[in-house]
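>>> kindly generate the corresponding structure for this input.
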Amino acid sequence: MKTLGLVNRAAGDFQQYADNRFKKTENDNAAQGALDQAADKVDEAKAERSYGYRNAVARGRTMAAWNDGLRTFRDDLRGVVEGQDQLTLEERQAEVRERIEAFYHGFALDPETGKLRDFIATPDTMRYLGEQMQQSRPLFEAEALQKIEERFNEEALTLYGTNIADQWLAGKPLDLTVADATLPPTISDQQRRAALLATAIATADRLAREGRAEEGQLIYRQILAGGAPIGGSTDDVAIDAQRGGGIIPTDIPPSEPAQRPEGAPAVPAYSREALKAKIRGPESGGNDNATNGMGSSASGRYQFVEGTFKQLYKRVYGASSSQAREAWETKRFDVTVQERLMDALVADNEAALTANRLPITDANMYVMHVLGSGTGPKFLKASADAPVASVLSAIIVRQNPVYFGGGKTVGQAYARMASAVGGEGGGEVDPVERNPDFRLPDAALDPIERADRQFAQSPYAPILTGGMALTPAERVRITEAAQQYAREVRSQWTQDNREREDRNAHGMMLRVMGQGERITSKDVSDAAQRGDISPPDAVALYRMLREEANYARSLSDRAEAEARQREDRAEEETVDALTAEIMAPVYTGKRKPEEARAMMLQRLAKVPPSVARKALAEMTPALSAMENANEQTGEARDALEYMDDSDRKAWMAAVLKGMPPSRAKRLGAEASSLMDRAIQRTQRDIARGVAPKDARERAYQWLRAQLDGLRRSR
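So this is what the prediction gives:
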């Protein structure tokens, strides 16, 4: 019996040893099977012998097949979702559920045999796949249904916005119930408001581009009609109560005017650097690439016009005319150049104010910057009650409507400019002259004013009420958008009106001068009443007509006619000098043809009609040729620029040589005018086909004769 017990124990120990060894072998085989399956080097014979090896291979294949299949099905399902066009959310969800059911049901079965797929080779693999399907299906289905709902909502909101835009584009007040009928219940009020506000802004901009700016303004008026005003009002509290908010109403007392505390530092004294920073704001808004949209050539952070830029560039950099012209084309937006030129201009303006016994303040310096050292002191010395139009030219007023437009007085314009740089502008009231013999036409309403007047007469019912009422933040945002829209519409309307008035006034001025159908004072009055021309242009045309009539009457007298013939020679000299003054800078590249044309019309309105006609006949063909040809030939341009630069210096030196200072200023001006006329003669001969070299020599012969006359006059 004892021996039998020993045998049984030995047999048990051996069995335990064999079991342990088998488990270790199977574990090793399972690990090897996982590696071989991943490397696609499965030992089929070993798979037949070892369950662990076979199970690891099957599990790896099942895992790979499941991940690949799920990834492929997710991509396929995404395409299905993006291509769905069923009209209801339920239909789209049902379609996707059916596809998910088919995928999960059919993944483990071979569609041809109806049996389990080959890679599901062991019970452990079946359990693994079942667990994966059970865990992933709810998440996968929820993800797919969420994407369906998001896409369905996006389509619904797009259709909602299109319906709203179509109503506005048809010129009708918005009926929100029609648009709301296109939305499913899954869309929140916040999403509806966001879509409506985005559509409102886009549609208003489109209407403005299509010339229907009034309708665009009415959109903003309807959106902002009713509801809560900006700020913490009781209406805000009611709205948030409907939405479950928790705003606590608070009474806020009105603000007291700000007072400077005792001991606070005084207002800083005048500073050049501070002045430059203040001027940059109103001039360019901090945009170093800013340009003027009102017909001026002003460019850069300090808005230098072309003539001032070139003049300062020559002086600051010691450049020639051609170099200054090139700098205008390539460096006018350069910050370093703008700063150096601004330093020089500030010094010039300070000197001009001092010479005119005017205080150097930020406001006065800004006036000098805008108007220049010639017109600036004249403006600053004018009566505060004087109309701006009596002090400044119509061109300056048109190019700076914010400061000088709208019939302002000098005092009002100065106050507006002073406020732009943070100065004190005073508060003068523009007096009204009672003159029963003249009445300006009623000011035309801009599109924003017309829309506001229409809305005030027939207001639309509020559309954003209850749960759709604007939040304070939304109301601020849409109000700012409406204000920006109004600014842009008004700016474009003002520019279009100004261009139309300029074209009409130009055409009527040419008719006064005999080019085209004759014009009468009634034509001018009618045009002014219609708003086709501005009041200053109407006044200028009246004066030209009066002078033309006086001239015609004077010619009826034979004696006056004979006297007029004797004066023609003097007029020719005047025409020659006037033409040279205006056109010589065009030929040398210092002035653009369009600027010369504007200057021509301004100057010709101030001279007798006979002089104006002759000067117009002289300059108009040349300007047209310059505008069409864009630029002179290289040889002609070089000749004219050389005359304007080196030859001008030599000529001035010859005239002023040995000249006492008391007479140098007067004769210097005469000599410069003669050089302009020589340049004009050179260009005239070039236009007639004379070679630039020969034309220049002819001009010099004439100039030498004039030099002898100047010397004799000394």
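>>> what number of residues are in the vicinity of residue 383?
Residues within reach of residue 383, counting by other CB atoms under 10 Å, total 12. To be clear about C-beta, it is placed using only N, CA and C from the backbone, and glycine gets the same treatment.
>>> now do stretch 143-150: everything it contacts.
By CB atoms under 8 Å, 6 or more residues apart in numbering, the residues outside stretch 143-150 that reach it are 77-78, 81, 84, 89, 92-93, 96, 100, 186.
>>> residues in contact with residue 84?
92, 95, 148, 151.
>>> now stretch 127-146: average pLDDT?
Averaged over stretch 127-146, pLDDT sits at 80.
>>> take the contacts of residue 84 and keep only those in helices.
Under the assignment DSSP state H, the contacts of residue 84 contribute 92, 95, 148, 151 to helices.
>>> going by distance to residue 175, which of the contacts of stretch 143-150 wins?
Nearest to residue 175 among these, counting by CB to CB, is residue 186 at 22.5 Å.
>>> was I right about that closest one contacting residue 152?
Yes. If you go by CB atoms under 8 Å, residue 186 and residue 152 touch, sitting 7.4 Å apart.
>>> so for these two, which residue has more residues nearby?
Neighbour count, other CB under 10 Å: between residue 186 and residue 152, residue 152 has more, with 21 against 12.
>>> report the contact partners of the more buried one.
Listed by CB under 8 Å, 6+ apart, the contact partners of residue 152 are 89, 92, 184, 186.
>>> now residue 124
Counting by CB under 8 Å, 6+ apart, residue 124 touches 55, 58-59.
>>> only whichever of these are buried, select them in ChimeraX.
Of the contacts of residue 124, the buried ones can be selected in ChimeraX as follows, counting by 16 or more other CB atoms under 10 Å:
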select :55,58,59
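>>> identify the farthest-apart pair in the contacts of residue 84.
Spatially, the most separated pair among the contacts of residue 84 is 95 and 151, at 12.9 Å (CB to CB).
>>> now do stretch 639-649, average pLDDT.
The pLDDT scores in stretch 639-649 average 73.
>>> contacts for that stretch?
Outside stretch 639-649, the residues that touch it by CB under 8 Å, 6+ apart are 320-322, 584, 587-590, 632, 672, 675, 678-679, 682-683, 686, 692-693, 695-696, 699.
>>> TSV please, covering the ones in helices among the contacts of residue 84 and showing distance to residue 620 and neighbour count.
Listed next are the ones in helices among the contacts of residue 84 as TSV, based on distance: CB to CB, whole Å; neighbours: other CB atoms under 10 Å:
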residue	distance to residue 620	neighbour count
92	72	20
95	75	15
148	71	21
151	65	15
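>>> what's the lowest-pLDDT member of those residues?
pLDDT across these is at its lowest for residue 148, which sits at 79.
>>> for residue 688, see how far away that one is.
Here the criterion is CB to CB, to the nearest Å. By it, residue 148 lies 81 Å from residue 688.
>>> may I see the buried residues of the host helix or strand of residue 200?
For residue 200, the host element (DSSP states H and E) is helix 189-209. Using 16+ other CB under 10 Å as the test for burial, helix 189-209 gives 191-193, 195-197, 199-201, 203-205, 207-208.
>>> same deal with stretch 524-535?
Under the neighbour-count criterion of 16+ other CB under 10 Å, stretch 524-535 has 524, 527-528, 531-535 buried.
>>> for residue 303, state which of those residues is nearest.
Nearest to residue 303, judged by CB to CB, of these is residue 534 at 23.4 Å.
>>> quick one, phi/psi of the closest one?
phi -80, psi 160 (degrees, to the nearest 10).
>>> quick one: which of the contacts of stretch 639-649 sit in strands?
Judged by DSSP state E, the contacts of stretch 639-649 include no members of strands.
>>> out of these, list just those in helices.
Filtering those for membership in helices, criterion DSSP H, returns 321-322, 584, 587, 672, 675, 678-679, 682-683, 686, 692-693, 695-696, 699.
>>> related to what we said a few turns ago, export the contacts of residue 124 as JSON lines, with columns for secondary structure, pLDDT and distance to residue 500.
Shown next, in JSON lines, are the contacts of residue 124 (DSSP: H, G, I helix; E, B strand; the rest coil; pLDDT from 0 to 100; distance: CB to CB, whole Å):
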{"residue": "55", "secondary structure": "helix", "pLDDT": "71", "distance to residue 500": "90"}
{"residue": "58", "secondary structure": "helix", "pLDDT": "71", "distance to residue 500": "86"}
{"residue": "59", "secondary structure": "helix", "pLDDT": "75", "distance to residue 500": "83"}
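>>> tabulate the contacts of residue 124 (JSON lines), appending distance to residue 467.
Converted to JSON lines, the contacts of residue 124 look like this (distance: CB to CB, whole Å):
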{"residue": "55", "distance to residue 467": "60"}
{"residue": "58", "distance to residue 467": "58"}
{"residue": "59", "distance to residue 467": "55"}
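>>> what is the neighbour count of the nearest residue to residue 320 once chain neighbours are set aside?
Counting by CB to CB, 6 or more residues apart in numbering, residue 645 is the residue found nearest to residue 320 once chain neighbours are left out, at 5.1 Å. Residues lying near residue 645 (other CB under 10 Å) number 18.
>>> would you agree residue 645 falls within a strand?
No. Assessed with DSSP: H, G, I helix; E, B strand; the rest coil, residue 645 is helix; it does not lie in a strand.
>>> contacts only, for residue 183.
When contacts are counted by CB under 8 Å, 6+ apart, residue 183 touches 156-157, 160, 192.
>>> one more time with 7 Å, if that's ok
Listed by CB atoms under 7 Å, 6 or more residues apart in numbering, the contact set of residue 183 reads 156, 160, 192.
>>> secondary structure class for the second one?
Here residue 160 is recorded as helix under three-state DSSP.
>>> if I look at residue 376, how far off is residue 369?
Remark: distance between residue 376 and residue 369 (CB to CB) = 8 Å.
>>> excluding covalently adjacent residues, which one is nearest to residue 126?
Residue 126's closest residue in space is residue 120 (CB to CB, 6+ apart), at 5.8 Å.
>>> returning to what we had before: what is the nearest of the contacts of stretch 143-150 to residue 382?
Using CB to CB, residue 186 comes nearest to residue 382 of the contacts of stretch 143-150, at 68.2 Å.
>>> check contacts around the closest one.
Counting by CB under 7 Å, 6+ apart, residue 186 makes contact with 89, 149, 153.
>>> quick one: which two of the contacts of residue 152 are the most distant?
Distance extremes for those: the farthest pair is 92 and 186 at 12.0 Å, using CB to CB.
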